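Visitor: here's a sequence, model it:
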Amino acid sequence: MRYFYYTTILLITIFLAATSIAADAQKAPALSKAHLIPAEGPVVEDNWKFHKIGTLWTRVTNFGFMGDDAYEGRTPSCDWPGGSGNSYLYRGTIWLTANIDGTYYTTMGDDHEFAPLDSVSMITGEGAVSDQDTWTRFYDVTAPLATEHTPLGLEITQKTYAWGASYADDFVIYEWTIKNIGIDTDEDGVADTPRDLTDFFLTFRFDADVSKLPNWGAEYRFTNEDDHVLSNATPWEEWLPLFPQMDNREHSLTPEQCDSTLMFMWDGDNPHYPADNEQEDDFGNPGPDGTLNSPGFIGIKFLKSEPYLPPSSFHQCNIYNDPGTDKEAYDRMISKIGEFVDLPISSGVPFPYDYRGILTFGPLEDFAAGDSLIFTAALGVGCDPDSGGIRSLEELLKIMDVAQFLVDNNYEVSTEALAPPTPDVTLEPVFENGITTGIKVIWDDAATYHDKFAGYRVWKSVGTTAAGNFAWEPLGLGTYADTTGSTSWPPPVGDETGSFQLIDTDFINGLDYYYSVQAFTETITYPIPLGSVETNVLNSLEYISPANAVASALNNVKAVPNPYVGSHRWNNPLPSDTNPWEHRLQFINLPADATIKIFTIDGDYVDEIHAGQTVRKGASFMGEGNNSVAEWDLITRNDQEAAPGLYLYVVESPSHGQTTGKFVIVR
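Guide: Okay, the predicted model is just below:
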């Protein structure tokens with residue numbers, strides 16, 4: 001009996017390990033065709049651009065992927081808020097399905113069954129529909145990276161639209177023009193034979209993995225093992241009671257808001273792990289300080305199609321039962337017309353897992369050769385960063401209403417009419433006798449001439465939070481309102497005509513400071529209720545790491561902090577792909593031509609650095625080194641971490657001579 005027990009355990013362990021390996025294989029990083037020779041014919045290399053104008057930052061590709069599913073070095077992928085590196089999307093794709101001679105075939109973006117025909121173009125200014133448009137093309141006529149692919153003969157022209165002002169900065173609108181161009185019979189990559197299609201479907205496949213911080217691994221316990229996905233067709237009273245974190249909370253949701261055009265995902269509770277703050281429930285991923293790391297809901301919503309494709313079905317699958325063939329995709333997911341409720345329940349509660357949502361529209365009975373279909377959808381994140389849960393869902397529905405309004409009105413809503421221009425912010429250090437005494441925040445007054453202008457909000461952030469967000473706090477009075485009865489207007493007038501300025505004296509040299517100025521409007525109720533419209537805080541963001549002026553002598557050179565301690569606030573507590581540095585020791589009050597050589601107390605040569613050199617690097621670092629400062633990452637010239645102990649340094653300046661000093665490393 002004992003032998004049977006242990007044998008059974010061993011077999012189960014082997015099975016689970018094999019399943020896990022298979023699952024990891026399913027989530028392997030996408031192979032980029034940029035590393036391959038393009039196929040014969042019109043296919044070009046993989047290419048992408050980034051929307052970084054609103055609160056939602058994401059990658060737009062020319063091969064049918066929404067977002068960036070890279071395991072390392074990931075770029076913005078529905079990052080909310082933009083610049084935080086907090087990704088709400090692993091990968092989104094479209095599937096296209098049609099009947100060919102009695103058999104249903106599906107072209108799946110996530111299986112590399114689309115090949116790019118053009119690079120992604122970014123369009124701004126005159127001629128742009130939004131603040132930032134993109135344009136590209138791809139097709140399924142041939143797919144060099146796919147295996148066992150049966151092409152439908154479709155070419156897709158993809159356009160995206162993104163805005164910076166607050167009324168429309170949480171979503172990106174996608175418009176796909178899908179044309180039946182026929183198939184390639186002579187294998188030159190060019191469609192040459194027309195073919196009619198029947199029973200055409202369009203499907204969104206959504207693998208959000210809500211969410212991923214830059215310092216979390218792709219398979220981290222809070223990344224993809226506790227998602228939930230639903231269609232908005234499911235009535236609130238049926239599913240909210242299943243989630244105690246959202247049940248019995250006051251909300252403004254109404255039955256009329258339930259519809260089958262929206263699919264959303266959010267972060268639930270993984271009962272196998274506590275949160276980072278040690279509380280049992282990790283719903284929304286509370287960080288060590290209790291701040292919610294993943295409070296938002298990500299969603300994709302159908303807005304319009306010509307001809308009309310009705311919502312058809314919604315289904316879930318997970319990392320272990322993704323459909324592996326066209327037949328499985330059709331039989332299990334696409335053919336189930338009219339089914340929109342699919343919430344796995346275990347022991348009376350929703351079962352957390354690594355889910356994918358499958359939302360399908362159609363069928364279009366006849367899709368003749370030469371015909372086109374235009375399909376428009378919005379991809380966005382609704383978020384109440386403080387409360388999360390039901391409040392974030394409310395925000396998602398609100399932003400999707402705005403997206404719907406824009407499309408219904410053919411984008412004929414003037415950004416310039418609704419929002420004042422984004423303030424142009426510059427930062428200047430204030431010196432007295434070479435010592436930094438303040439940081440001057442300067443911005444132009446162009447927004448004051450907008451007919452709906454109501455004031456400015458001035459913000460400051462000291463570094464970023466553990467979630468990568470900016471920890472904004474008001475600077476000065478914070479809000480300067482140009483309204484009747486206001487005692488805060490105007491802000492201090494700048495040194496230059498047509499400018500305002502504030503001087504911040506609350507700072508420490510060497511730390512990172514971020515400043516931004518938002519212009520905001522009076523309450524706007526036309527053409528739709530938008531409230532007060534704000535310029536995007538990220539679009540006027542500026543960075544500074546204050547330091548004393550470049551020295552003209554060596555008599556005040558210092559190593560700081562001294563002693564160096566690994567937990568010092570100058571350091572980076574959460575190294576990541578986008579923010580890889582960790583340790584930072586500074587040599588300050590240097591001439592611009594200074595070189596610093598570092599030795600052990602025994603005289604062993606450790607490393608050499610130079611004035612202006614900084615250890616901070618990666619996609620999240622916005623600044624440059626100060627010429628009066630040299631930074632050392634505590635990595636020796638032999639690529640080893642410097643050991644604790646006493647060190648000597650020698651500063652050499654061709655214009656000012658030489659000086660020496662000591663510092664201590666305490667790990």
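Visitor: just the helices in the protein please.
Guide: 2-26, 236-239, 326-329, 389-408, 415-418 (DSSP state H).
Visitor: now the second one, how far from the centre of its chain.
Guide: Centre-to-centre, helix 236-239 and its host chain are 30 Å apart (Cα atoms, centre = their mean, to the nearest Å).
Visitor: so for that helix, what gets flagged as buried?
Guide: 236, 239 (16 or more other Cβ atoms under 10 Å). Heads up, the C-betas are built off the backbone N, CA and C, glycines and all.
Visitor: I'd say Lys558 and Gly661 touch.
Guide: Yes - counting by Cβ atoms under 8 Å, Lys558 touches Gly661, with 7.4 Å between them.
Visitor: who has more neighbours, the two?
Guide: Gly661 (16 against 13; other Cβ atoms under 10 Å).
Visitor: and the gap between that one and Asp607?
Guide: 15 Å (Cβ to Cβ, to the nearest Å).
Visitor: centre-most residue in the chain?
Guide: By Cα atoms, centre = their mean, the chain has its centre lying nearest to Asp79, at 1.5 Å.
Visitor: touching, it and Asn86? I think so.
Guide: Yes - counting by Cβ under 8 Å, Asp79 touches Asn86, with 5.8 Å between them.
Visitor: in the sheet, who's paired with the nearest residue to Ala403 once chain neighbours are set aside?
Guide: Spatial nearest neighbour of Ala403, chain neighbours left out: Ala378 (3.7 Å); criterion: Cβ to Cβ, 6 or more residues apart in numbering. For Ala378, the beta-bridge partners under DSSP bridges are Ile173, Lys301.
Visitor: for Asn86, give its distance to Glu428.
Guide: 31 Å.
Visitor: tell me the contacts of Pro241?
Guide: Shown in contact with Pro241 (Cβ atoms under 8 Å, 6 or more residues apart in numbering): Asp247.
Visitor: from Phe470, how far out is Glu542?
Guide: In terms of Cβ to Cβ, Glu542 sits 12 Å off from Phe470.
Visitor: residues near Asp342, how many?
Guide: 19.
Visitor: surely it touches His315?
Guide: Yes - Asp342 lies in contact with His315 (Cβ under 8 Å); the separation is 5.1 Å.
Visitor: low-confidence ranges, the stretch 451-600 of the chain, go.
Guide: In the predicted model, the stretch 451-600 of the chain carries pLDDT under 70 at residues 465-468.
Visitor: mind redoing it with 80?
Guide: Across the stretch 451-600 of the chain, the ranges flagged by pLDDT under 80 are 463-469, 526-528, 566-568, 573-574, 576-579.
Visitor: intersection of neighbour lists for Glu542 and Phe470?
Guide: By Cβ under 8 Å, 6+ apart, the residues touching both Glu542 and Phe470 are Tyr514.
Visitor: shared neighbours of Lys558 and Gly661, anything?
Guide: With Cβ under 8 Å, 6+ apart, Lys558 and Gly661 have no common neighbours.
Visitor: got the domain ranges for the protein?
Guide: 31-408, 417-544, 558-666 (automatic domain parsing).
Visitor: and the second one, how far apart are its ends?
Guide: Start-to-end span of domain 417-544 (Cα to Cα, to the nearest Å) is 33 Å.
Visitor: cool, and the last one?
Guide: Start to finish, the residues bounding domain 558-666 are 17 Å apart (Cα to Cα).
Visitor: in space, what's closest to Gly382 - neighbours in sequence excluded?
Guide: Leu396 (2.7 Å).
Visitor: is it true that that neighbour touches Val381?
Guide: Yes - using Cβ under 8 Å, Leu396 is in contact with Val381, at 7.3 Å.
Visitor: of those two, which one has the most company?
Guide: Neighbours were counted for Leu396 and for Val381 using other Cβ under 10 Å; Val381 has more, 29 against 26.
Visitor: report how many residues lie close to the closest residue to that one other than its chain neighbours.
Guide: Closest residue in space to Val381, ignoring its immediate chain neighbours: Trp80 at 4.1 Å, by Cβ to Cβ, 6+ apart. Here the count is done by other Cβ under 10 Å, and Trp80 has 28 residues near it.
Visitor: for Trp80, give me phi and psi.
Guide: Dihedral pair for Trp80: phi -140, psi 130, per degrees, to the nearest 10.
Visitor: contacting residues for it?
Guide: Per Cβ under 8 Å, 6+ apart, neighbours of Trp80: 55-57, 86, 88, 170, 211, 296, 381, 383.
Visitor: do you know how far it is from Gly388?
Guide: Taken as Cβ to Cβ, the span from Trp80 to Gly388 is 12 Å.
Visitor: mutual contacts of these two, please.
Guide: Gly296.
Visitor: ok, the residue nearest to Gly382 - contacts?
Guide: 264, 296-299, 380-382.
Visitor: before we move on, what about Glu416?
Guide: Counted by Cβ under 8 Å, 6+ apart, Glu416 has zero contacts.
Visitor: try it again at 10 Å.
Guide: 165, 450 (Cβ atoms under 10 Å, 6 or more residues apart in numbering).
Visitor: for Phe63, same thing?
Guide: By Cβ under 10 Å, 6+ apart, the neighbours of Phe63 are 30, 32-33, 43-48, 93, 109, 112-117, 120, 136, 138, 143, 145.
Visitor: burial count for the residue found closest to Tyr543 once you drop the neighbours it is linked to in the chain?
Guide: Distances taken as Cβ to Cβ, 6+ apart place Met622 nearest to Tyr543, at 4.1 Å, with adjacent residues excluded. Met622 has 14 neighbouring residues, counting by other Cβ under 10 Å.
Visitor: what of Pro429?
Guide: Neighbours of Pro429 using other Cβ under 10 Å come to 18.
Visitor: go on, Gln640?
Guide: Gln640 has 10 nearby residues by other Cβ under 10 Å.
Visitor: contact partners for it?
Guide: 606, 634.
Visitor: look up phi and psi at it.
Guide: According to degrees, to the nearest 10, Gln640 has phi -120, psi 150.
Visitor: state the distance from it to Val606.
Guide: 10 Å.
Visitor: between those two, what contacts are shared?
Guide: Going by Cβ under 10 Å, 6+ apart, residues that sit against Gln640 and also against Val606 are Leu634.
Visitor: about what we covered before: deepest-packed of the domains of the chain, please.
Guide: Highest mean neighbour count of the domains of the chain: domain 31-408, a mean of 20 (counted as mean count of other Cβ atoms under 10 Å).
Visitor: which of the contacts of Trp80 sits closest to Tyr480?
Guide: Distances from Tyr480 to those, taken as Cβ to Cβ, are shortest for Thr55 (22.3 Å).
Visitor: please name the nearest non-neighbouring residue to that closest one.
Guide: In space, Thr55 is closest to Asp169, 4.5 Å off (Cβ to Cβ, 6+ apart).
Visitor: which strand residues bridge Leu230?
Guide: Phe264.
Visitor: got a list of what the residue nearest to Ile601 when sequence neighbours are not counted touches?
Guide: Nearest residue to Ile601 in three dimensions, chain neighbours excluded: Leu646, at 4.7 Å (Cβ to Cβ, 6+ apart). By Cβ under 10 Å, 6+ apart, the contact set of Leu646 is 563, 600-602, 662-665.
Visitor: and for Thr254?
Guide: 236, 397.
Visitor: and it, what's its pLDDT?
Guide: Note on Thr254: pLDDT of 91.
Visitor: ok, now Thr203?
Guide: Value for Thr203, per-residue pLDDT: 98.
Visitor: now Pro29
Guide: 38.
Visitor: what does Gly125 give?
Guide: 90.
Visitor: my guess is it meets Thr415, correct?
Guide: No - contact criterion Cβ atoms under 10 Å: Gly125 and Thr415 do not qualify, at 11.7 Å.
Visitor: which residues do the two both contact?
Guide: With Cβ under 10 Å, 6+ apart, Gly125 and Thr415 have common neighbours Asp131.
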